[in-house]
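Student: missing the sequence, but the structure's below:
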């Protein structure tokens, strides 16, 4: 069973501490949501866990290997990272962009039947069949977001790390994406997502990590992580948890 962990992780930028003394052990087969106010370090933590940022202190491990010491190709085969503001450098078909998710596996012979099958599965999972042959520049923000999710899935990673993957999606496709993350976790993938929508985090995640003031304020199952006390400390609001028809909801009452 794959384990992604960090120990006493710290990140400082320009003399300002972003994260301090963060230790986590993340498991495959679960959806973990990282939440917290703006500037809490959610994106920074995810980029460290993906091996894309070198922490100022502490370490990140993938099983028994130090992530920063792994060969990039091996790391890319096991971890897929979806950035919050991805750059698409040139106008290509959506399918071509998705095929880039197979880059760590493609050898000198080019794409194999196995690669093409993996791309087809990713396209179907992210529901992008209707526009897989359109140029990405012509897609809406939500459509591009789904294409990028498919690109991450094309590599069939052990870990999917997604920074605000629901941004730009309409409500129906937010539900689709949440259901996809659930299926991936049920199939044994480790899914770690940052979210601003706390009610969606409650409904989607097995575990919620609340970042605030540079560290971990809570790390619990959803209903235990997002208590009124935690919400007050992290976000400076008075809020209550209520049970809606589709699951738990957070009702923000006022600032405190």
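Tutor: Cool, got the structure. Values in this document were obtained by computation on a predicted structure and should not be read as measured data. Numbers count the residues shown, from 1 in each chain.

Student: Need the residue closest to the centroid of the chain.
Tutor: In the chain, the residue lying closest to the centroid (Cα atoms, centre = their mean) is residue 162, at 2.0 Å.

Student: Doesn't that residue lie inside a strand?
Tutor: Yes: under DSSP: H, G, I helix; E, B strand; the rest coil, residue 162 falls within a strand.

Student: and residue 148, what does it touch?
Tutor: 82, 86, 97 (Cβ atoms under 8 Å, 6 or more residues apart in numbering). (Each C-beta comes from the backbone N, C-alpha and C, glycine too.)

Student: let's see 10 Å
Tutor: 82-83, 86, 88, 94, 97-98, 101, 126, 128, 136, 162, 165 (Cβ atoms under 10 Å, 6 or more residues apart in numbering).

Student: about what we covered before: tell me the pLDDT of the residue nearest to the centre of the chain.
Tutor: Residue 162 carries a pLDDT value of 97.

Student: Next: residue 248.
Tutor: Reported pLDDT for residue 248: 86.

Student: And the helix or strand where it lies, what's buried?
Tutor: Per DSSP states H and E: residue 248 is located in strand 247-255. For strand 247-255, the neighbour count (16 or more other Cβ atoms under 10 Å) marks 248, 249, 250 as buried.

Student: quick one: strands adjacent to it?
Tutor: Strand pairing for strand 247-255, using DSSP bridges, gives strand 237-244 (antiparallel).

Student: Mean confidence (pLDDT) on the partner strand, please.
Tutor: Per-residue pLDDT over strand 237-244 has a mean of 91.

Student: Kindly report the same for stretch 206-214.
Tutor: Mean predicted confidence for stretch 206-214 is 96.

Student: what distance separates that stretch from the middle of the whole chain?
Tutor: Distance of stretch 206-214 from its chain centroid, counting by Cα atoms, centre = their mean, to the nearest Å, is 14 Å.

Student: before we move on, back to that, buried subset of the contacts of residue 148 as a PyMOL selection?
Tutor: Only the buried members of those enter the following PyMOL selection, criterion being 16+ other Cβ under 10 Å:
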select buried, resi 82+83+94+97+98+101+126+128+136+162+165
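
Student: Tell me which of the contacts of residue 148 fall in helices.
Tutor: Those of the contacts of residue 148 mapping onto helices are 94, 97, 98, per DSSP state H.

Student: just curious, which of the residues you listed is nearest to residue 28?
Tutor: Distances from residue 28 to the ones in helices among the contacts of residue 148, taken as Cβ to Cβ, are shortest for residue 98 (23.1 Å).

Student: just checking, that closest one touches residue 150?
Tutor: Yes: the pair residue 98 / residue 150 is scored as a contact, 4.7 Å apart, by Cβ atoms under 10 Å.
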